[in-house]
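Student: Need the 3D shape of this:
(chains A and B)
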Amino acid sequence: MAKLLVYYAHPGHQYSHVNREMVKRAKALNGITFIDLYAEYPRFNIDVEIEQQRLMAHDTILFQFPLFWYSTPSLMKEWQDLVLEYGFAYGTGGNKLKGKRVMMAVSCAGSEDAFSREGYQNRPIRTFLSPLEQMACLCQMKFYPPYVLYSALHAPHNDAMQLHADGYKELLIALRDDTYDFEKALTNDVITFNTLPIQRGQRHG
Amino acid sequence: MDNVLLLVFVFLIAGVIAVPLATKMGLGSVLGYLIAGIAISPLLRSLGVDVVSLQHFAEFGVVMMLFLVGLELEPKMLWNMRDKLLGLGGLQVLITTALVMVAALYMGQPWTIALAIGLVLSLSSTAIVLQTLNEKGLLKSDGGQASFSVLLFQDIAVIPMLALIPLLALPELLEILHPTVIEAGSQLEHGAEVSFVEGLAGWQRGLITMVAIGTVIVGGSYLTRPMFHFIAIARLRELFTAAALLMVVGIALLMTFVGLSPALGTFLAGVVLANSEYRHELESDVEPFKGLLLGLFFMTVGAGINFDLLFNQLGSIVTMTLGLILIKALVLSVLALVFNIRGADRWLLAMGMAQAGEFGFVLLSFTVANGVIPASLSDQLLLVVTMSMLLTPLLFILFDKLVAPQYVKKQGDDADEVDEQGNVIIAGHGRFGGIINRILLGSGYKTVVLDYHAEQLSRLRKFGLKVFYGDASRPDLLHSAGIEEAKILVVAIDEQAQITEMVRYVSKHHPHVHIVARAVNREHVYELFSAGANDIIRDYFDSAVRAGRSALEALGVHPFEAERKTCGFVLNDKRTIREMAELFDVNIPAHENEPYIAKAKELMAMEDRAMQGHGAGFGSRDNRDWLPPKQED
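Tutor: The predicted model follows:
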């Protein structure tokens, strides 16, 4: 079993229907480490030592967050700034994260159409995640396509929220139990609840 | 004098031995007292004690209990209960009276006696039911509230019953009894002998009654606050107790003067005072007296059993008792359905209220005195009343073991959602506690504030804050403030020793409460740590840190760097204090605790190095912040 570390960052947890549903499912799982960054560091006083220990103790790191202004919520950026130190994550001697897998689970308000050359966001979602992809690259980690929910503000009013949250649970179980098909995942730009590449016969109902 | 002391000693020792035993065996305190009473009855008889008049005296406990119940009940809640009070209570008394009457007719009694028996047995025992519900924490459940409504109605119904019963008198009985009528009649209503309104016209009586009730309501609303404020200035606890007792006794007397039920009067006074800041103090002052008197009352019930008569007519007494319980339970369980009380609450109401009560004793002696029921029949009925009261605790046990478990609701497993709002108790509303209270109220939480500066409290009340007078470190006051249901206790009082004592008491006896405690210095932090506080906040620490940060900024340090430096200081301080707290032992003076001294020396040396810019002291955390990559890369 791979050791899975989930970082969750949402400053408005109580207002987010989608992320709350996802968190509820993640917290109910055994055998994974779930860290709510805003609960852990409400005063932004990140403990670098503890966070580095956490990273080293896990194989797969997943970040769950809403897309804010085409980037991460600010505490997650602060976490990157402080924890991914020179000499630890990059630079001379900075190879402590080498070979680990990184993945994002992102919810965004814009529709799938909006995130395209023709849409009002002008660019596909992967463009906005490229700093994170490059972060993984500099830290010698493997970056895999993100698990995305588009039109997240409408999702609570149709089936999408439940499907996305249930898919998230399947994703976490697959990452934990080594049944996630990483090779197949790489053939997509983004993963959604109906394109989860979980190895045949392993999908949980 | 010796005799009084001996009597007190006998009752106390019986109670002190029997009640803990009964509670331990899960029988409840009421049954314990009853058994204690039975156990000492031969002794009482040989001492020649008048159990009946002792019982009248002890009934004052019921008056006090209703005062306390009133304190818990705001006028608005009482108004919301009006349907149950009149509908449920009224129908219960009417239907039960009718059914018991039919049963008595069937057994060959004339209708006047049958009706009197119906009235006497329709009443339930306020003392047993409320005491038991309180003990089990069921008073606020639907079943508990319904029971309370019915009991309150019965208490009111006694007054017209007293008027009705003399009309049922049998001429032949009256002739025999005539000389004793007035004497026995005056024993009524908890032994009050004076009736002010005797011989007045109907409208005059009505007027006086209104005036008396008005006095209680107006006096309760406007006079008690200045009175208690005046007493609070003396800062003597016993004066408060005296004043509280004075008030209850005074109201009871006033009510008997005008021919009303004293229990009803004190209940009304309690309701009026339910919103007062002195409520908790009154509660904890009156509570012990109520408990002792009720205990005495239950013991006299147990001691009053006429065993000769019981064994001679065992069959018929047991049949009548069981029949009575059955009728009362049946009526209540049907009425419960009509009034939409379902599930466990329905059975709580039906099983809990199926006995006859202490008003039955009162009414029975009244009926005999008025020549309604012959004395021999009354003796039998007394036994039925007593036996039904004796069986009530057993019915409650039956309810606990058989009925309640079937209705236990399954808890939701939604652990992630925010918990329901629990109550917060804030002890001490000075400069420290006041800020905490403002923050919690502003966020929409309910707080109960305890403080004992009467002047400050009345100022706060003007702002509409809910505050209560009392010494917050007293366990009984914490109890009346609702520590059992509280989620959080904030200890914000000034005195170090009292803070520690309070934390130790609450963490030991109410481990479910999260304690946020104020520490006055470093050593106090260690003390509170070992006493079991969850969050320990040094009262001047945060303000001093902010002052230090201001000083750094004034010295020209960049504001963000000043913030990081003080942050590092706080974290480091927290760490050292935790390490020290683990070595601290309350039982060993700090200067004799070797590991503690060694650690202190080590930490002091570290801090010195850090202050002078060497080593990895408190600056270690801010050194790791936002460092640029090295040039060579």
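
Student: Strands of chain A, start to end?
Tutor: A:4-8, A:32-36, A:60-66, A:101-107, A:142-143, A:147-149 (DSSP state E).

Student: For the third one, which outside residues touch it?
Tutor: Contacts of strand A:60-66 from elsewhere in the structure, counted by CB atoms under 8 Å, 6 or more residues apart in numbering or on different chains, are A:2-10, A:16, A:19, A:22-23, A:26, A:55, A:72-73, A:76, A:100-108, A:132, A:141, A:152, A:168, A:172, A:175. Any C-beta I mention is one placed from the backbone N, CA and C, and that applies to glycine too.

Student: Please pick the buried ones from these.
Tutor: For the contacts of strand A:60-66, a burial check counting by 16 or more other CB atoms under 10 Å in any protein chain shown picks out A:2, A:4-10, A:16, A:19, A:22-23, A:26, A:55, A:72-73, A:76, A:100-108, A:132, A:141, A:152, A:168, A:172, A:175.

Student: Phi first, then psi, for the closest residue to chain A within the stretch 101-250 of chain B.
Tutor: The nearest approach of the stretch 101-250 of chain B to chain A comes at B:Lys140, 29.5 Å away (CB to the nearest CB). Here is the backbone geometry of B:Lys140 (degrees, to the nearest 10): phi -90, psi 0.

Student: Now for it, how many residues are close by?
Tutor: 12 (other CB atoms under 10 Å in any protein chain shown).

Student: Flag every residue of chain A that's near chain B.
Tutor: Neighbours of chain B within chain A, by CB under 8 Å from any CB of the partner chain: A:14, A:20, A:23-24, A:27, A:45, A:48, A:81-82, A:85-87, A:90-92.

Student: Tell me the secondary structure at B:Ile425.
Tutor: The three-state label given to B:Ile425 by DSSP: H, G, I helix; E, B strand; the rest coil is strand.

Student: With B:Ile515 instead?
Tutor: strand.

Student: mind checking how far it is from B:Phe541?
Tutor: Separation of B:Ile515 from B:Phe541 (CB to CB, to the nearest Å): 18 Å.

Student: Tell me how many other residues surround B:Leu139.
Tutor: Other residues close to B:Leu139 by other CB under 10 Å number 18.

Student: Chain A contacts on the stretch 101-250 of chain B?
Tutor: Counting by CB under 8 Å from any CB, the stretch 101-250 of chain B comes close to chain A at no residue.

Student: Okay, now the unreliable bits of the stretch 101-250 of chain B?
Tutor: B:172-202 (pLDDT under 70).

Student: repeat that with 80
Tutor: B:135-137, B:139-141, B:156, B:159-160, B:162-163, B:170-206, B:232-237 (pLDDT under 80).

Student: quick one: contacts for residue 18?
Tutor: Defaulting to chain A. Applying CB under 8 Å, 6+ apart, the residues near A:Val18 are A:Ser107, A:Leu149, A:Ala152, A:Ala155, A:Pro156, A:Met161, A:His164, A:Ala165.

Student: Let me rephrase: I mean chain B.
Tutor: B:Gly32, B:Tyr33, B:Ile35, B:Ala36, B:Ala39.

Student: between the top helix by length along chain A and strand A:60-66, what angle do the directions make?
Tutor: Longest helix of chain A, by residue count under DSSP state H: helix A:160-176. Angle between the axes of helix A:160-176 and strand A:60-66 is 160 degrees (criterion: axes from the mean of the first three to the mean of the last three CA atoms, to 10 degrees).

Student: For residue 111, which non-adjacent residue is closest in space?
Tutor: No chain was given, so I picked chain A. A:Ser151 (4.8 Å; CB to CB, 6 or more residues apart in numbering or on different chains).

Student: look at chain B instead
Tutor: Using CB to CB, 6+ apart, the closest residue to B:Trp111 is B:Leu105 (6.5 Å).

Student: ok, and the closest non-adjacent residue to B:Leu273?
Tutor: With CB to CB, 6+ apart, the residue lying closest to B:Leu273 is B:Gly220, at 5.5 Å.

Student: tell me the secondary structure for B:Asn587?
Tutor: coil.

Student: That one and B:Thr500: what is the separation?
Tutor: 14 Å.

Student: Those two: who's more crowded?
Tutor: More crowded of B:Asn587 and B:Thr500, by other CB under 10 Å: B:Thr500, with 22 against 6.

Student: And that one, which helix or strand is it part of?
Tutor: helix B:496-509 (DSSP states H and E).

Student: What residues sit buried inside that helix?
Tutor: For helix B:496-509, by 16+ other CB under 10 Å, it's B:Gln496, B:Gln498, B:Ile499, B:Thr500, B:Met502, B:Val503, B:Arg504, B:Tyr505, B:Val506, B:Ser507.

Student: List the residues that contact the residue nearest to the first one when sequence neighbours are not counted.
Tutor: If I follow you right, that is B:Gln496. Distances taken as CB to CB, 6+ apart place B:Val520 nearest to B:Gln496, at 4.9 Å, with adjacent residues excluded. Going by CB under 8 Å, 6+ apart, B:Val520 touches B:Asp494, B:Gln496, B:Ile499, B:Arg538, B:Asp539.
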